[in-house]
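Asks: Sequence first, predicted coordinates after that:
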Amino acid sequence: MQFTERSNSTRWFIIISSFLIVLLILWNTYNFFQIFKNEERNKMELWANAQKTLVSTDESEYLNLILFIQQTNTTIPIIVTNDNDEIITFANIDEPISNDSIKLDNYLKDLKTENKPIQMENQLLYYANSPLLTKLKYYPIALLLIIILFGAVVYNFYRATKMSTQNKLWAGMAKETAHQIGTPLSSLIGWLEILKLDNIEPSTIEEIEKDINRLQTITDRFSKVGSEPVLEVKDIIEETKSSFDYLKDRSSKQIDFKFIAPNKKINVAINPALHSWTIENLVKNAIDAMKGKGNLTLAIEEKEDYVRIKVTDSGKGIPKSSFTKVFEPGFTTKKRGWGLGLSLTKRIVQEYHKGKIKVAQSEIGKGTTMQISLKKTDVIS
């Protein structure tokens with residue numbers, strides 16, 4: 001299967017992001033383990049000191065226990081106030097806040113909303129959540145994110161596998177179609193040679209020959225589906241006009257065809273058969289949109305490094321919400337057809353010719369402009 005560069009980039013971005021998040025979670029888990037281990041050690045030391053104080057009658061031991069308990073809190077920000085809400089003492093508060101009385105008062109207001117204070121005789125203890133608790137609060141979100149990312153990877157892989165199977169099926173059908181057309185086409189070429197010997201009207205022979213050549217081109221197109229096409233440096237104006245003129249001669253006379261292009265060569269690396277298919281799809285879509293009556297213009301514009309091909313019709317138009325949907329396989333507004341024309345066109349332009357295609361402009365009831373951008377092989381002055 002051939003993947004677009006964007007699909008590959010998206011897939012690798014998701015995989016790398018998932019990998020980095022897993023590493024971050026593992027690293028944080030290890031840090032949490034070390035913190036909890038130290039907390040357990042502090043609790044055991046506190047329990048030991050409390051036990052020691054209970055069996056001792058020495059007042060200094062009691063004071064040491066109080067001092068030890070205060071020193072063990074190195075992470076939780078606290079503020080102690082009296083009944084008049086005046087700050088008596090505080091701990092574990094950053095210097096920019098602790099050194100500014102106004103900021104400290106504001107910080108106290110934040111603490112009042114964060115946790116319920118603890119009553120200590122004539123004092124109140126306000127405290128904030130520790131950095132560890134704050135991290136743990138966001139831990140489930142990180143786990144949820146990694147689950148979503150891995151789900152996206154699995155879905156992306158499933159979708160890519162499904163598309164790969166479909167592409168192989170279409171490629172096999174296309175090659176088989178080319179093979180089936182080849183047999184009667186060879187017979188037609190033989191009959192054409194017989195007609196030439198029977199002195200049939202030359203103009204009739206010429207038109208039949210054009211149609212046989214067209215069938216050969218179609219066969220060549222289908223045989224290239226699923227294979228890497230060979231690109232050739234061609235004059236984009238000549239190649240485009242050739243396909244345009246063929247369809248013009250075989251379309252409704254109620255359509256006013258116009259071809260606008262610079263009066264010089266513009267070289268682009270293309271596969272002639274596939275480029276012809278692209279132009280044919282765009283022109284046929286424009287004709288269908290107008291129901292065989294209206295104005296159809298194909299304009300080629302040269303820019304510094306690339307060339308634009310614009311196909312404009314006066315048909316029913318496309319809703320803005322469907323500008324990208326028209327290139328999806330199966331999307332069609334016609335009663336008949338499988339909706340593969342623009343999907344194939346997009347693949348030819350973007351994957352094979354490394355160009356871009358889009359709905360440049362469209363208005364309901366007034367018409368649509370489809371635009372192809374292809375990089376020039378060289379600049380001819």
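Replies: It's in. Residues are numbered from 1 along each chain as shown.
Asks: Below-threshold pLDDT in the stretch 51-200 of the chain: ranges please.
Replies: By pLDDT under 70, the low-scoring segments of the stretch 51-200 of the chain are 51-74, 130, 132, 134, 163-180, 182-183.
Asks: Which residue ranges of this structure form strands?
Replies: For the chain, the strands defined by DSSP state E occupy 78-82, 87-91, 118-120, 123-127, 232-235, 255-260, 267-270, 294-302, 306-313, 356-363, 367-375.
Asks: so which of those gets nearest T161?
Replies: Distance to T161, taken as C-beta to C-beta, is lowest for strand 356-363 among the strands of the chain, at 26.0 Å. Glycine gets a C-beta too; all of them are placed from N, C-alpha and C.
Asks: What pairs with that closest one, parallel or antiparallel?
Replies: Its sheet considered, strand 356-363 pairs with strand 367-375 (antiparallel) by DSSP bridges.
Asks: you'd agree F257 is up against K248?
Replies: Yes. With contact defined as C-beta atoms under 8 Å, F257 reaches K248; the gap is 4.5 Å.
Asks: domain ranges for the chain?
Replies: Annotated domains of the chain cover 76-129, 228-375 [automatic domain parsing].
Asks: Would you format these as CSV with mean neighbour count and distance to Y158 included?
Replies: What follows is the domains of the chain, written out as CSV (neighbours: other C-beta atoms under 10 Å; distance: least, C-beta to C-beta, whole Å):
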stretch, mean neighbour count, distance to Y158
domain 76-129, 13, 41
domain 228-375, 17, 17
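Asks: Out of those, which gets the lowest mean score?
Replies: When the domains of the chain are compared on mean pLDDT, domain 76-129 scores lowest, with a mean of 81.
Asks: got the end-to-end distance for that one?
Replies: 6 Å (C-alpha to C-alpha, to the nearest Å).
Asks: give me the number of residues near I208?
Replies: The local packing of I208 (other C-beta atoms under 10 Å) involves 16 other residues.
Asks: Which residue, neighbours along the chain excluded, lies closest to it?
Replies: Nearest non-adjacent residue to I208, counting by C-beta to C-beta, 6 or more residues apart in numbering: L192, 6.0 Å away.
Asks: Any chance you could give me stretch 79-97 in PDB, C-alpha atoms only?
Replies: What follows is stretch 79-97, C-alpha atoms only, in PDB (Å, rounded to 0.1, in the frame of the first residue of the first chain):
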ATOM      1  CA  ILE A  79      -0.400  29.500  57.700                       C
ATOM      2  CA  VAL A  80      -1.500  29.800  61.300                       C
ATOM      3  CA  THR A  81      -3.700  32.600  62.400                       C
ATOM      4  CA  ASN A  82      -5.400  33.800  65.600                       C
ATOM      5  CA  ASP A  83      -9.100  34.400  66.100                       C
ATOM      6  CA  ASN A  84      -8.800  37.800  64.500                       C
ATOM      7  CA  ASP A  85      -7.500  36.300  61.300                       C
ATOM      8  CA  GLU A  86      -4.000  37.800  61.900                       C
ATOM      9  CA  ILE A  87      -1.100  35.700  60.600                       C
ATOM     10  CA  ILE A  88       1.000  34.300  63.500                       C
ATOM     11  CA  THR A  89       3.300  32.000  61.500                       C
ATOM     12  CA  PHE A  90       3.700  30.200  58.200                       C
ATOM     13  CA  ALA A  91       5.900  27.500  56.600                       C
ATOM     14  CA  ASN A  92       6.700  26.100  53.100                       C
ATOM     15  CA  ILE A  93       5.600  29.200  51.200                       C
ATOM     16  CA  ASP A  94       7.700  30.600  48.400                       C
ATOM     17  CA  GLU A  95       9.800  33.600  49.100                       C
ATOM     18  CA  PRO A  96       8.200  36.000  46.600                       C
ATOM     19  CA  ILE A  97       4.900  35.500  48.600                       C
END
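Asks: what sits up against it?
Replies: With C-beta atoms under 8 Å, 6 or more residues apart in numbering as the test, stretch 79-97 has contacts from 70, 73-78, 98, 103-105, 107-108, 111, 120, 122-127.
Asks: Contacts only, for the closest residue to K291 other than its chain neighbours.
Replies: Once flanking residues are discounted, K291 sits nearest to G315: 7.5 Å by C-beta to C-beta, 6+ apart. G315 makes contacts with A286, D288, A289, M290, K291, G294, G367, T368, as judged by C-beta under 8 Å, 6+ apart.
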